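# Following is a predicted model, sequence given first.
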Amino acid sequence: MRRLRQADWSRRLVRETAVGVDDLIWPIFVRDGDGEPESVPSMPGVFRLSVEGCVDAARRARDLGIPVLALFPYTDASKRDEGGSEALNPANLVCTASRAIKAAVPDVGILCDVALDPYTSHGHDGLLVGDRILNDETVDMLCRQAVVQAEAGCDIIGPSDMMDGRVACIRAALDAAGHRDTLIMSYAAKYASAFYGPFRDAVGSGSMLKGDKRTYQMDYGNRDEAIREAAQDIAEGADMIMVKPGMPYLDVVARLAGELGVPTFAYQTSGEYAMIMAAAQNGWLDGDRAMMESLGAFKRAGAAGVLSYFSPKAAEALRRR
Ligand code: PBG
């Protein structure tokens with residue numbers, strides 16, 4: 001076995017899978033105002049950007065060859081309410097940033113989350129009554145949110161809310177509004193996870209969250225259920241599916257990608273990013289190598305691509321090769 005491992009050229013020649021810049025989706029955070037980028041303490045190297053900063057990020061993505069940006073808003077507490085009404089404001093941060101990016105850098109794809117958590121005062125993805133998240137009433141809101149985002153130029157709608165039946169309703173709503181070409185990447189297998197902590201800091205919903213999301217996000221012990229979730233989303237019209245978190249769930253990625261045959265993505269979440277960065281900053285591992293190895297592992301598991309906060313850094317590293 002070692003003959004093929006002797007030299008860089010022979011290792012490269014027989015390498016079975018590799019991550020490339022075309023596999024990367026770069027999540028960024030947008031905030032109000034025009035000031036300097038604001039650092040997110042639990043995500044070293046990640047910043048909340050002004051709308052103009054997002055346009056600069058889109059130019060950087062285009063120059064590096066990164067195909068898609070995912071936009072997430074940091075919504076001020078004053079704009080949040082019980083019903084998440086800011087989600088439907090065509091001038092909200094995500095829509096404003098989408099329009100600005102599409103005007104300046106039209107050839108970079110834009111993915112927008114569909115869920116209410118950046119906009120609710122309780123931090124949940126859906127409408128909360130007592131201690132229950134309402135399913136169908138939330139789905140109605142999500143359909144309207146998806147149309148508002150498509151109207152602002154969003155190319156890919158990413159339902160991340162985990163309500164039942166939302167993909168079919170969103171597809172119908174987009175079609176009825178004339179957005180037949182807007183894609184859907186459903187967060188099909190999204191687990192109730194501790195690995196989203198830093199993200200909730202970044203969007204400002206961490207301290208607001210009442211309770212947890214276990215009545216709608218999946219239980220981490222389950223694998224067959226991921227197949228049922230994903231199969232439903234595909235039947236309802238999802239063009240692509242996603243597994244989230246990523247690294248601790250590569251078995252799920254491999255199974256969905258292998259069995260269902262639709263483009264399957266993995267989300268290397270904020271907590272996964274924070275773990276690697278924290279260890280690297282302490283000198284406990286080589287951060288650049290851990291970054292490339294972890295991204296490569298998604299491809300080995302069969303993922304079509306990865307949402308990762310490392311995207312710009314990884315794209316630069318790939319260019320130097
Ligand atoms: C919102 C959403 C979350 C993430 C993406 N969309 C958080 C959550 O469900 O609480 C997490 C992303 C990350 O941790 O990087 N529904």
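Everything's here; your move.

# okay, CA-based contacts and neighbour counts for the rest of this
Will do.

# CA atoms of stretch 286-299 as CSV?
Provided in CSV are the C-alpha atoms of stretch 286-299 (Å, rounded to 0.1, in the frame of the first residue of the first chain):
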residue,chain,number,x,y,z
ASP,A,286,-2.6,23.3,13.0
GLY,A,287,-5.7,25.3,12.1
ASP,A,288,-5.0,25.5,8.4
ARG,A,289,-4.5,21.7,8.1
ALA,A,290,-7.5,21.0,10.3
MET,A,291,-9.6,23.3,8.1
MET,A,292,-8.7,21.5,4.8
GLU,A,293,-8.9,18.0,6.3
SER,A,294,-12.4,18.7,7.7
LEU,A,295,-13.6,20.2,4.4
GLY,A,296,-12.2,17.2,2.6
ALA,A,297,-14.0,14.8,4.9
PHE,A,298,-17.4,16.2,3.7
LYS,A,299,-16.5,15.4,0.1
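
# What is the distance between it and the centre of its chain?
How far stretch 286-299 lies from its chain's middle: 18 Å, per Cα atoms, centre = their mean, to the nearest Å.

# Would you mark the buried spots in it?
Neighbour counts over stretch 286-299 (16 or more other Cα atoms under 10 Å) mark G287, D288, M291, M292, S294, L295, G296, A297, F298, K299 as buried.

# cool, stretch 153-168 as well?
Neighbour counts over stretch 153-168 (16+ other Cα under 10 Å) mark 153-164, 166-168 as buried.

# And the strands in the stretch 151-300 of the chain, which stretches?
156-159, 183-190, 240-244, 264-268 (DSSP state E, counting those that start in this stretch).

# Figure out which of the ones you listed is closest to the ligand.
Between the ligand and the strands of the stretch 151-300 of the chain, the tightest spacing by Cα to the nearest ligand atom is seen for strand 264-268, at 6.7 Å.

# now for that closest one, which elements pack on it?
The elements that strand 264-268 packs onto, with contact taken as 3 or more Cα pairs under 8 Å, 6 or more residues apart in numbering; DSSP states H and E, are strand 240-244, helix 250-260, strand 305-308.

# let's go with 6 Å and repeat that
On a contact count with 3 or more Cα pairs under 6 Å, 6 or more residues apart in numbering; DSSP states H and E, strand 264-268 meets strand 240-244, strand 305-308.

# Partner strands of that strand, with direction?
strand 240-244 (parallel), strand 305-308 (parallel) (DSSP bridges).

# Next, see if the longest one gets close to the ligand.
To tie it back to what came earlier, the one meant is strand 240-244. No - Strand 240-244 lies out of reach of the ligand by Cα under 6 Å from any ligand atom, never closer than 8.0 Å.

# What mean pLDDT does that strand get?
The pLDDT scores in strand 240-244 average 98.

# How far off centre is it?
That offset, for strand 240-244, works out to 9 Å (Cα atoms, centre = their mean).

# Name the residues that touch it?
M185, S186, Y187, A188, A189, K190, P263, T264, F265, A266, Y267 (Cα atoms under 6 Å, 6 or more residues apart in numbering).

# quick one: which two of those are the most distant?
Across the contacts of strand 240-244, no pair lies farther apart than K190 and P263, at 16.0 Å, counting by Cα to Cα.

# Which of the two has more residues huddled nearby?
K190 (24 against 16; other Cα atoms under 10 Å).

# I appreciate the help and will end here.
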